[in-house]
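Visitor: kindly return the folded structure for what I paste below:
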Amino acid sequence: MLRVAEQYAGTDTGLQRRANEDSLLARSPLFVVADGMGGAQAGEVASKIAVESFHGGLPDGSPPEEGLATHALAANARIHALSRENAEQAGMGTTLTAVYVGEQEVAIAHVGDSRAYCLRDGELLRLTDDHSLVDELIREGRLTPEEAEDHPQRSIITRALGPEETVEVDTRSFRARAGDIYLLCSDGLTSMVPEARLAEVLRLHAGARLRDIGEALIAEANNAGGRDNITVILLRLEEVGSPSEPPPGTAELDRDATVVSMPAMGVTRPSSAVLAPPPARGREDREAAAPSESRARERSSVRARRDAHRTHPARPPTAVVARRPRSPDSAPTARRRRRRGVLPALIVLAVLGVLAGGAYIAAQSVFFLGTNARGLVTMYRGLPYKLPGGIDLYSTYYVSGVGASTLSPTRRGTLLDHKWRSEKEAGSLVHSIELEELSE
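Guide: This next block holds a predicted model:
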């Protein structure tokens, strides 16, 4: 079974934009990037709605692709309805790239030109197709990738959430592997950093922390000009537990698999010889030797008692009674005493487990505002504390594109005080900050 071993999420306004219209969600096993369009009062609203549609996770029991598409279509309906109700938000829309990590597969839903990649065995694989004018021309053979880099209409997208009442959502699933690194990003990264350079940076830092890789990618985009907002999500997979045995016929299918369904990793099981019991001949030898060894121990014990009697006076009767073998009834009594001693310990452990579980669940309903390493206003989930050993009791829930330095000292002190808040309250404050609705 696979799980997310490490993750990173970050967004940056870039060097040429005043506001950040990107939004993201990084709540394992679900990750979402959305890049809004329509201006500061519309694009960021659209991208935020898209991300909010995934806050509840996927429906229980539904196939991941179906669940991702359902949320994407719901977001499209909300954005489109809002754009029709408000003139200042007319025509707003957003891209969407969502990834769900299952036990063996990664499911993707995609609309627009944000992207998903997988770094596997040093090779960078693009998992999504851009819904843009230049990419469609490339797929039709009417434009080369080199020509597309400088095409005057390279920023025109042909599909997004919101502009139309209905939208087609691309979904697909890929067989995942332990060690895979997945990258989700807005076009603020890919429009500034060529894929060859992306692969180089990822390979160069493959053994580093994902935070270091993410910061390096954002720096690359800014060093190249930072013309757009830059959003990056990275996740690394690991295997936990014993891999489940593939169903009959899987191996044959895997040998013919394409990149969409990649071969599963081989599993080596211990041979039956390792688990076999010792040979019977060894037991017979030990049983044959047992009588002679028993007699030798008995003779040694008799001599020891005789020597002790000569050296020391007779002990009181109570001492003799204490050394008598236990009666057959005494063994169950002793076992009952041991059980009575173990039971309270088990009860205490169970109570502690319940309390710890309750504390964890309670912590997941608490949010607070702070800043990340780049000084951006960030919404955190959990408690604003660290345990010994550097263990955080919180995780990044949402990163805004607003730098804390743009807020007045009074506002910073009021908002970034790590006060415990509900998800609704914290989210509303971040949204207000992004829309510049807060005043002195």
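
Visitor: what does stretch 27-34 rub up against?
Guide: With contacts defined as C-beta atoms under 8 Å, 6 or more residues apart in numbering, stretch 27-34 is touched by 3-4, 7, 9, 22-25, 46-48, 50-51, 54-55, 57-58, 94-102, 114, 161, 182, 184-186, 231, 233, 235, 381, 397. From N, CA and C alone the C-beta is placed, and that goes for glycine too.

Visitor: what's the answer for stretch 35-45, then?
Guide: Contacts of stretch 35-45 (C-beta under 8 Å, 6+ apart): 18-23, 46-48, 50, 82-83, 88-95, 112-114, 157, 160, 186-188, 229, 231, 401, 434-435.

Visitor: keep only those of these that are in helices.
Guide: Ala46, Ser47, Lys48, Ala50, Leu82, Ser83, Asp187, Gly188, Glu434 (DSSP state H).

Visitor: pick out the lowest-pLDDT one from these.
Guide: Within the ones in helices among the contacts of stretch 35-45, pLDDT reaches its minimum at Glu434, with 72.

Visitor: ok, it - contacts?
Guide: Ala19, Asn20, Glu44, Lys48, Ser400, Gly401, Val402.

Visitor: ok, these vs Ile391, which is closest?
Guide: Ser400 (25.5 Å; C-beta to C-beta).

Visitor: so the closest one is in contact with Met379, correct?
Guide: Yes. Using C-beta atoms under 8 Å, Ser400 is in contact with Met379, at 7.5 Å.

Visitor: between those two, who's got more neighbours?
Guide: Ser400 (26 against 20; other C-beta atoms under 10 Å).

Visitor: excluding sequence neighbours, find me the nearest residue to the more buried one.
Guide: The shortest distance from Ser400 to any non-neighbouring residue, by C-beta to C-beta, 6 or more residues apart in numbering, is to Val377 (4.6 Å).

Visitor: in terms of helix, strand or coil, where does the one you found fall?
Guide: Under the three-state scheme (DSSP: H, G, I helix; E, B strand; the rest coil), Val377 adopts strand.

Visitor: what do you get for the one 3 residues further on?
Guide: State at Tyr380, reduced to three classes by three-state DSSP: strand.

Visitor: who's in contact with the spatially closest residue to it that is not a sequence neighbour?
Guide: Of all residues not flanking Tyr380 in the chain, Tyr394 sits nearest, at 4.6 Å (C-beta to C-beta, 6+ apart). Tyr394 makes contact with Ala363, Phe368, Tyr380, Arg381, Gly382, Leu383, Pro384, Tyr385, according to C-beta under 8 Å, 6+ apart.

Visitor: what kind of secondary structure is Tyr394 in?
Guide: strand.

Visitor: quick check: it vs Val430, distance?
Guide: Distance, Tyr394 to Val430, using C-beta to C-beta, to the nearest Å: 15 Å.

Visitor: and Ile138, what pLDDT?
Guide: pLDDT, read off for Ile138, is 86.

Visitor: where do the helices sit along the stretch 301-440 of the chain?
Guide: 317-322, 330-363, 409-415, 423-434 (DSSP state H, counting those that start in this stretch).

Visitor: again with the stretch 51-200 of the chain
Guide: Using DSSP H, counting those that start in this stretch, helices in the stretch 51-200 of the chain cover 64-85, 133-139, 145-149, 187-190, 195-204.

Visitor: mind splitting this structure into its structural domains?
Guide: 2-242, 348-440 (automatic domain parsing).

Visitor: closest to Glu65 among the contacts of Glu434?
Guide: Using C-beta to C-beta, the contacts of Glu434 come closest to Glu65 at Lys48, 23.8 Å.

Visitor: could you report the neighbour count for the closest residue to Pro64 other than its chain neighbours?
Guide: Nearest residue to Pro64, sequence neighbours excluded (C-beta to C-beta, 6+ apart): Ala107, at 3.6 Å. Residues lying near Ala107 (other C-beta under 10 Å) number 24.

Visitor: do you know how far Ala107 is from Val169?
Guide: For Ala107, the distance to Val169 - C-beta to C-beta - is 12 Å.

Visitor: and for Val201?
Guide: For Val201, the distance to Val169 - C-beta to C-beta - is 30 Å.

Visitor: and for Pro384?
Guide: Distance of Pro384 to Val169, computed by C-beta to C-beta: 37 Å.

Visitor: more crowded one of those two?
Guide: Shown here are Pro384 and Val169; by other C-beta under 10 Å, Val169 has more neighbours (20 against 17).

Visitor: could you pull up phi and psi at the more buried one?
Guide: Taking degrees, to the nearest 10, you get phi -110, psi 120 for the backbone angles of Val169.
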